[in-house]
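K.L.:
kindly generate the corresponding structure for this input.
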Amino acid sequence: MIREVSESGWRAASHRLGIDEPVLKAVAVVESSGSGFLPLPEEEPKVLFEGHAFHRLTQGKFSQSHPGLSYA
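P.N.:
Prediction:
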């Protein structure tokens with residue numbers, strides 16, 4: 001089953017976030033590589049690892065030992 005956001009869902013979300021609907025759709029496509037869910041049969045939401053966010057949240061504790069995972 002492919003999960004899609006309805007047009008009314010896009011409108012509501014963009015209104016709630018205070019941004020234009022095309023901007024929200026563009027960010028969704030780029031950040032999810034076209035889909036927010038893993039391919040079937042998993043049907044789980046994608047979780048994208050962000051090394052710079054990991055670095056910030058761990059105060060760079062792992063930057064030297066794991067530079068591929070933790071970077072500014």
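K.L.:
centroid residue for the chain?
P.N.:
By C-alpha atoms, centre = their mean, the chain has its centre lying nearest to residue 31, at 4.7 Å.
K.L.:
so which bits of stretch 18-36 are buried?
P.N.:
Within stretch 18-36, the residues scored as buried using 16 or more other C-beta atoms under 10 Å are residue 24. All C-beta spots, glycine's among them, are computed from the backbone N, C-alpha and C.
K.L.:
residues in contact with that stretch: which ones?
P.N.:
2-3, 5, 10-11, 13-14, 17, 45-46, 48 (C-beta atoms under 8 Å, 6 or more residues apart in numbering).
K.L.:
return the distance of the least confident helix or strand in the chain by mean pLDDT from the chain's centre.
P.N.:
Confidence across the helices and strands of the chain bottoms out at helix 21-32, with a mean of 88, counting by mean pLDDT, DSSP states H and E. When distances are taken as C-alpha atoms, centre = their mean, to the nearest Å, helix 21-32 is centred 10 Å away from the chain's centroid.
K.L.:
stretch 29-40 now?
P.N.:
Remark: stretch 29-40 is offset 9 Å from the chain centroid, using C-alpha atoms, centre = their mean.
K.L.:
same check on stretch 46-54?
P.N.:
9 Å.
K.L.:
report the rounded mean pLDDT for it.
P.N.:
When pLDDT is averaged over stretch 46-54, the result is 90.
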